[in-house]
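Trainee: What follows is a predicted structure for the sequence shown.
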2 protein chains.
Amino acid sequence: MNTSIKGTEKREQLLECAKKLFAQKGYDGVSTRLLANESGTNLAMISYYFGSKEEMYKEILDKNLIKLRTDVEVLQNPKSTPWEKLNAIVDVYVERFFTNKQMVQIVFKEISSNKREGLSKFVSAKMMDNFSVIENIIEEGMRKKIFRKVDGGLLIMTIFGTLMIYINGNQACYKMMGAKNGEEYMNDAFKERMKVYLKNLLKNQLSK
Amino acid sequence: MNTSIKGTEKREQLLECAKKLFAQKGYDGVSTRLLANESGTNLAMISYYFGSKEEMYKEILDKNLIKLRTDVEVLQNPKSTPWEKLNAIVDVYVERFFTNKQMVQIVFKEISSNKREGLSKFVSAKMMDNFSVIENIIEEGMRKKIFRKVDGGLLIMTIFGTLMIYINGNQACYKMMGAKNGEEYMNDAFKERMKVYLKNLLKNQLSK
DNA sequence: AAAAATTAATCAAACGTTTGATTTTTATTA
DNA sequence: TAATAAAAATCAAACGTTTGATTAATTTTT
């Protein structure tokens, strides 16, 4: 069994294809045979490179969720006002959710799966990280009397809930947004619309 | 193959147990054998009463989603103001999401599954129904110049997104809300907190 | 006794994984 | 540089297990 970090071409092919398929069909919806065919590799390559299907899945989550976290930390500039931070956070998250649609879909599925014991805790921890970043800004703003007193916990769920529902959206969501199809739904115009909307929502909720 | 509506005791046992298990583990996570054991019936009873596992699953979604829709229509009293309607809607939906946690979890999983072709469209249609109810109220309020002009499509996703994320919440959400465990998280106090929060959010977003 | 409900036994298909052989690449030796 | 050895990558085939479903026999109900 070879589980070394060294990436070969086929290994990357597998990872990329698996990410796409897991996002579309979920963990159980992707058989090792399907993955082998779609990625143009052999069935045995999964065990060969990752040890098992589940370990490959873990690696995908691991890699991408870690990337998410580090991106946010850059924003923690002590000079910025809470308002500036909050608007910057919105830009970053919207950008990220629209760009990494596949990962959002995978996490969306994983959140409530209750299978793969350890992974649930792992995803929970990563979510908590992301929650905390926003929570700290909101609390800073409230402490400095810049923000109105609000239910910070629920406001954070509102932000992520809106984005989650949007990105995982089905036909009903396309229609609700007035988008002709799935591609238009994810284009730059709609992305900007989301940024404006969320910033406005936060303004209305937090302004005194 | 017997798929008659006539409910026997074992048939109801199966339905109730399946609903619980599907909510916990998802469609693929519940094998027919597990379901038979947990419900205290025999494996063959699934085919006997429902034709197949999938048809049983469909019946669960069908029954419960239809119930959701009809409940809302009662609220459409022409005498009420948009504000009254909106607050009533919040009460109804929060109540429903907290009471029917299992169904919310099943729908949450189904929304982004892409398996079971026909069911996705079915769920989409039901979601659209629920969206429309709120959309109409918001548009009525805006038309009558009672509400401020807002992005109605996204506001609706915010409401459902907040509820969805909350109900399907994991450890990260418990913590964020300051709940000690999953039971406290779903108790009446938190339910009321959600109602207050959502009404307030709508007030802030829609008030002139 | 006929019908309906329930059971244990059985089925083919699909699953994730492993195997042993083969090819391709890399490193070593002459 | 050519020949050779070692390592890594790839493959088709098979493994044992689990899956959803069905059968035929049995029990219960009417």
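Mentor: Sure, I can see it. Numbers count the residues shown, from 1 in each chain, chains lettered A, B, ... in the order given.
Trainee: OK, contacts around residue A:144?
Mentor: Contacts here follow CB atoms under 8 Å, 6 or more residues apart in numbering or on different chains; on that basis residue A:144 touches residue A:82. (C-beta placed from N, C-alpha, C; glycine too.)
Trainee: Now the most centrally placed residue in chain A. Nearest residue, chain neighbours left out?
Mentor: The structure's chain A has its C-alpha centroid closest to residue A:104; by CA atoms, centre = their mean the separation is 3.6 Å. Take residue A:104 and drop its neighbours on the chain: the residue closest to it by CB to CB, 6 or more residues apart in numbering or on different chains is residue A:167, 4.6 Å away.
Trainee: and the host helix or strand of residue A:84, what does it pack onto?
Mentor: Using DSSP states H and E, the secondary-structure element containing residue A:84 is helix A:82-99. Secondary-structure packing of helix A:82-99 (3 or more CB pairs under 8 Å, 6 or more residues apart in numbering or on different chains; DSSP states H and E): helix A:53-73, helix A:117-143, helix A:152-167, helix A:188-206.
Trainee: what's next to the helix or strand of chain A with the lowest mean pLDDT, contact-wise?
Mentor: Sorted by mean pLDDT, DSSP states H and E, the helices and strands of chain A end with helix A:53-73, the least confident at a mean of 84. The set of residues that contact helix A:53-73 without belonging to it, under CB under 8 Å, 6+ apart, is A:3, A:14-15, A:18-19, A:22, A:27, A:32, A:35, A:46, A:49-50, A:89, A:92, A:96, A:100, A:103, A:106-107, A:110, A:116, A:119, A:122-123, A:126, A:129-130, A:133.
Trainee: Just the buried ones among these, please.
Mentor: Burial of those was assessed by neighbour count (16 or more other CB atoms under 10 Å in any protein chain shown); the buried members are A:14-15, A:18-19, A:22, A:27, A:32, A:35, A:46, A:49-50, A:89, A:92, A:96, A:100, A:103, A:106-107, A:110, A:116, A:119, A:122-123, A:126, A:129-130, A:133.
Trainee: how close does the residue nearest to the centre of chain A sit to DNA strand D?
Mentor: 27 Å (CB to the nearest atom of the strand, to the nearest Å).
Trainee: What parts of chain A come near DNA strand C?
Mentor: Counting by CB under 7 Å from any atom of the strand, chain A comes close to DNA strand C at A:1, A:28, A:30-34, A:43-44, A:46-47, A:51-54.
Trainee: picking that back up, I'd assumed residue A:98 was in contact with the residue nearest to residue A:104.
Mentor: Yes. Under the criterion of CB atoms under 8 Å, residue A:167 is in contact with residue A:98, at a separation of 7.4 Å.
Trainee: Those two - which one has more neighbours?
Mentor: In this comparison of residue A:167 against residue A:98, neighbours counted by other CB atoms under 10 Å in any protein chain shown, the higher total goes to residue A:167 at 23 against 20.
Trainee: From residue B:68, how far off is the more buried one?
Mentor: From residue A:167 over to residue B:68 the distance is 23 Å, taken as CB to CB, to the nearest Å.
Trainee: hmm, who's touching the helix or strand containing the residue nearest to the centre of chain A?
Mentor: Secondary-structure element containing residue A:104, defined by DSSP H and E: helix A:101-111. Contacts to helix A:101-111, defined as CB under 8 Å, 6+ apart, come from residues A:19-20, A:22-24, A:26-27, A:60-61, A:64-65, A:68, A:97, A:116, A:119-120, A:123, A:127, A:163-164, A:167-168, A:186, B:109, B:112-113, B:168, B:170.
Trainee: are any of the residues you listed buried, and which?
Mentor: The buried subset of those - by 16+ other CB under 10 Å - is A:19, A:22-24, A:26-27, A:60-61, A:64-65, A:68, A:97, A:116, A:119-120, A:123, A:127, A:163-164, A:167-168, A:186, B:109, B:112-113, B:168, B:170.
Trainee: Can you list the low-confidence ranges for chain A?
Mentor: A:1-8, A:69-74, A:76 (pLDDT under 70).
Trainee: Looking at it, what residue ends up closest to chain B?
Mentor: For chain A, the residue closest to chain B is residue A:161, as judged by CB to the nearest CB, at 3.2 Å.
Trainee: In contact with that residue, which residues?
Mentor: B:158, B:160-166.
Trainee: List just the nearest of these to DNA strand D.
Mentor: Set against DNA strand D, the nearest of the contacts of residue A:161 by CB to the nearest atom of the strand is residue B:164 (25.6 Å).
Trainee: that older thread, is it possible to export the helices and strands packed on helix A:82-99 to JSON lines including distance to residue B:139?
Mentor: JSON lines is the format used below for the helices and strands packed on helix A:82-99 (distance: least, CB to CB, whole Å):
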{"stretch": "helix A:53-73", "distance to residue B:139": "36"}
{"stretch": "helix A:117-143", "distance to residue B:139": "31"}
{"stretch": "helix A:152-167", "distance to residue B:139": "19"}
{"stretch": "helix A:188-206", "distance to residue B:139": "17"}
